[in-house]
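[1] okay, here's the prediction I keep looking at, along with the sequence it came from:
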Amino acid sequence: MRTSPLTDRFGVELHDIDLSTINAKTYASVRRAFEQHSALLFRNQTIDDDAHMRLARLFGPIEDRTADERDEGEAFKVPQVSNLRADGTVTEELDLHTLHLKANMLWHADSTFLPTPALANILIGRVVTETGGATELASTRAGWADMPDRLRNRIRDKGLWHRYAHSRARISPELAALPMFHKWPDQLWRAVWRNPVTQDDALYIASHAFAVDGMEAKAGAQLIDELIGWVTQPPYVYTHHWQVGDVLIWDQRAVLHRGTPWNYKKPRVLSSICVSATTSDGVDAMRLIV
Ligand code: OGA
Ligand code: MN
């Protein structure tokens, strides 16, 4: 397999792979690269929604956050991160929908607020902007490895509380009040996720994290900010400038990500499937009994 590194510390581009016809043997190599490098880039892919779903199912169960909102018999649709409406117009900058996209610009891992969090996001460039609108990834494995002991020891054996509405409240109280951000109870996860395949530890945190279990609220919030600040320093960050047909996959156990601003008068559409973490991904060990 021909590969090129995305940064010195993590991430790899895989060449000569057609993801729309991927077989079990190629998936095994892709999966090894995923465990080892935490982020994978494939360029120039021709991959429709069905092939996107087939690819996702190789990684694990497809996450379906809106099953409760669909009518009986209505099929799952690939979620889109998009400012484009069905009539071809784009959502206004201060639209609640655009504000939701802006909340994605806070460093996060996906779905830490769900009873089962995500293992991976498989993101595909559909409509891209010429400038702005990059997606940034930060390795919380590299950041954890380099973290000074005085900071690491404050969080190593602790748990973090996660809530979807918390990240939305940082952008707009009106946004945070929407029912879609209140469907799940607060979740408690260990702050360190050990990869069961490589045995590497990574900080597990997100914009959704609002408290350190057992710590006074203000001190906990400060510690969360300090930890995210540490692991998102430039040496741990990859900035992805989108082209149509790019497929970017990252390991949510070991990577934070965020969107970046663009000219909101321009359309930007990414297809996104999250895959849920399972026992073999180490999720059971992340649950803290309280
Ligand atoms: C996501 C996400 C950021 C972006 O798809 O989960 O956070 O760049 N996307 O749009
Ligand atoms: Mn996201």
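    Yep, that arrived. Ligands and ions are numbered 1, 2, ... in the order given.
[2] near ligand 1, which residues of this structure?
    81, 104, 110, 121, 123, 135, 257, 259, 270, 272 (CB under 6 Å from any ligand atom). For every residue, glycine as well, the C-beta is placed using N, CA and C.
[3] for the fourth one, phi and psi?
    Per-residue torsions, residue 121: phi -120, psi 130 (degrees, to the nearest 10).
[4] look through the stretch 151-290 of the chain and state the residue closest to ligand 1.
    The minimum distance from the stretch 151-290 of the chain to ligand 1, using CB to the nearest ligand atom, falls at residue 259 (3.0 Å).
[5] next, count neighbours for the closest residue to that residue other than its chain neighbours.
    Spatial nearest neighbour of residue 259, excluding adjacent residues (CB to CB, 6 or more residues apart in numbering): residue 104 at 4.4 Å. Using other CB atoms under 10 Å, residue 104 has 18 other residues around it.
[6] was I right about residue 104 contacting residue 256?
    No - contact criterion CB atoms under 8 Å: residue 104 and residue 256 do not qualify, at 11.7 Å.
[7] quick one: common contacting residues for the two?
    The overlap between the contact sets of residue 104 and residue 256 (CB atoms under 8 Å, 6 or more residues apart in numbering) is empty.
[8] which parts of the stretch 51-200 of the chain are helices?
    96-103, 140-146, 149-152, 164-169, 173-176 (DSSP state H, counting those that start in this stretch).
[9] list the buried ones in the first one?
    By neighbour count on 16 or more other CB atoms under 10 Å, the buried set for helix 96-103 is 99-103.
[10] before we move on, what about the fourth one?
    Of the residues in helix 164-169, those with enough neighbours to count as buried (16+ other CB under 10 Å) are 164-169.
[11] can you lay out those residues as CSV showing distance to residue 186 and pLDDT?
    Below are those laid out as CSV (distance: CB to CB, whole Å; pLDDT from 0 to 100):
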residue, distance to residue 186, pLDDT
164, 9, 97
165, 10, 98
166, 9, 98
167, 13, 97
168, 14, 97
169, 13, 97
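[12] re earlier: what about the residue of the stretch 151-290 of the chain closest to ligand 1, neighbour count?
    20.
[13] partners of it in the sheet?
    Note on residue 259: beta-bridge partners by DSSP bridges are residue 135.
[14] helix or strand: which one has residue 218?
    Secondary structure from DSSP states H and E places residue 218 in helix 217-231.
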